[in-house]
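Trainee: next come a sequence and a model predicted from it.
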Amino acid sequence: MEKTWNNKAWFMVLPVLVLVAFSAVIPLMTVVNYSVQDTFGNNEFFWNGVGWFSDVLDSDRFWEALGRNLLFSGIILAIEIPLGILIALNMPKKGFGVPVCLVLMSLPLLIPWNVVGTIWQVFGRVDIGLLGYTLAALGIPYNYVNNVFDAWLTLIVMDVWHWTSLVVLLCYAGLVSIPDAYYQAAKIDGASRWAVFRYIQLPKMKRVLLIAFLLRFMDSFMIYTEPFVITGGGPGNSTTFLSIDLVKMAIGQFDLGPAAAMSLIYFLIILLLSWIFYTVMTNSDAQN
Amino acid sequence: MAAVIQRTNRWPLALAIVLVVYAAIVGLLILALPVKDGVRDWFAPLIPGGWMAWSFPGAMFFLTIFLLLSLMAVWEYASPGGNPRVGILRFETTRGDRLFVSLLGSAFIHLAWLGLVGPNVWWALALSVVYAIGVFKLV
């Protein structure tokens, strides 16, 4: 059948374009303008060329924060994706257990970021927190305030607690959409549990896994609220991610130029990595 | 049922309109720049009061991005379909993909130039143009 061409349909996209322009494009343009100028307040700007970009690229502070971001996202993805798949595979497919599991899985997702941060901040405290106090009582040294490893561990466990359910729900949606005929065919062929997972469930989950992977990567790469509430970027600078550093620079120090340059570099990195992930995954999907 | 629009393909006219509009806006921007002692201040704020911190180079940057997008639209009008093909990256790309790869790559070429060579980014711009031509030919 021939495709219907109607260029008037473009007008349907207009409201979205206007909305995106006001919420994203115009602020982004302002950031670009800030990144090449200097200001001392009072809305007066002085041309600075690419100076701020050079400064950011030459600063250890930026590269260290970027390294922390990449490490954090890598760890988060390495834990949450396999764990999410594992939980989704073991969730009931019918009966009373389905709504119970789904509600339980959705609960962490409903909690706002700053509340999650506060919950874990209190939970981990050695003096009153359930986790911190219990570990201290068992003689296990744990203090996220002054120990780098403990601070990272708290952030990672918190993120896994908060966001693995998203991966689970997406994978579960992929799993329940597989028709029974596939499983029956596998049974007739005498396929092992692993073979069923490898050749039926995993390929069928690929699309939702791509979305889960992208969402979790971007979200963890842009993490701000939780580490800000729990550790405030410390101890030292050990949990100062790019976003925290950015806010310190833009609002704390009011260095709008360097902060704008840094946020643009940050944006480009996210854009590049997301494009690579998306391209690799959609193309491997197309090949299959 | 399918209303297939007859394409008369007047793309040279569309191209001319895009280029004329671009040139007109650039001209207006140049005229809007303040002149001090007979010399145009290319880096002065464009809007009094500093709204959005617009400057001439910033405005030119975005205008050129919009020009590229408009040229892509004209190209699509001239030869619809996006010219999908499998290039050296061994997956299918359309013209839009190639523009995206060119722009993203150019941004990183500029950053790499700044970090490794120095602040004279005109060379990085030249390199980006060569890179973009390469992308449109090979990817």
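Mentor: Now that the structure is in, tell me what you want to look at.

Trainee: where along chain B do the helices fall?
Mentor: Listed in chain order, the helices of chain B (DSSP state H) span B:11-32, B:56-78, B:95-116, B:122-138.

Trainee: now do the first one against helix B:56-78, angle only.
Mentor: Direction vectors for helix B:11-32 and helix B:56-78, defined by axes from the mean of the first three to the mean of the last three C-alpha atoms, to 10 degrees, enclose an angle of 170 degrees.

Trainee: show residues contacting helix B:11-32.
Mentor: Residues outside helix B:11-32 that contact it (C-beta atoms under 8 Å, 6 or more residues apart in numbering or on different chains): B:40, B:46, B:56, B:59-60, B:63, B:67, B:70-71, B:73-74, B:77-78. Any C-beta I mention is one placed from the backbone N, CA and C, and that applies to glycine too.

Trainee: what do you get if the cut-off is 6 Å, keeping everything else the same?
Mentor: Outside helix B:11-32, the residues that touch it by C-beta atoms under 6 Å, 6 or more residues apart in numbering or on different chains are B:59, B:67, B:70, B:74, B:77, B:78.

Trainee: which pLDDT value goes with the third one?
Mentor: At residue B:70 the predicted local confidence, pLDDT, stands at 94.

Trainee: please list all residues in contact with it.
Mentor: Residues in contact with residue B:70 (C-beta under 6 Å, 6+ apart) are residue B:18.

Trainee: cool, residue A:129 as well?
Mentor: The contact partners of residue A:129, by C-beta under 6 Å, 6+ apart, come to A:122, A:123.

Trainee: quick one on the thing from earlier: quick one: buried ones out of the contacts of helix B:11-32?
Mentor: Among the contacts of helix B:11-32, those classed as buried by 16 or more other C-beta atoms under 10 Å in any protein chain shown are B:59, B:67, B:70, B:74.

Trainee: name the strands paired with the helix or strand of chain B with the lowest mean pLDDT and say parallel or antiparallel.
Mentor: Confidence across the helices and strands of chain B bottoms out at strand B:35-36, with a mean of 86, counting by mean pLDDT, DSSP states H and E. Using DSSP bridges, strand B:35-36 pairs in its sheet with strand B:39-40 (antiparallel).

Trainee: residues in contact with the partner strand?
Mentor: For strand B:39-40, contacts defined as C-beta under 6 Å, 6+ apart pick out residue B:33.

Trainee: tell me how many other residues surround the closest residue to chain B within the stretch 151-288 of chain A.
Mentor: The nearest approach of the stretch 151-288 of chain A to chain B comes at residue A:283, 4.3 Å away (C-beta to the nearest C-beta). Residue A:283: 14 surrounding residues under other C-beta atoms under 10 Å in any protein chain shown.

Trainee: next: residue B:129.
Mentor: Residues lying near residue B:129 (other C-beta under 10 Å) number 13.

Trainee: quick check: residues of chain B near chain A?
Mentor: Applying C-beta under 6 Å from any C-beta of the partner chain, we find that chain B lies next to chain A at B:2, B:5, B:43, B:45, B:50, B:52-54, B:58, B:91, B:107, B:114-115, B:119, B:121.
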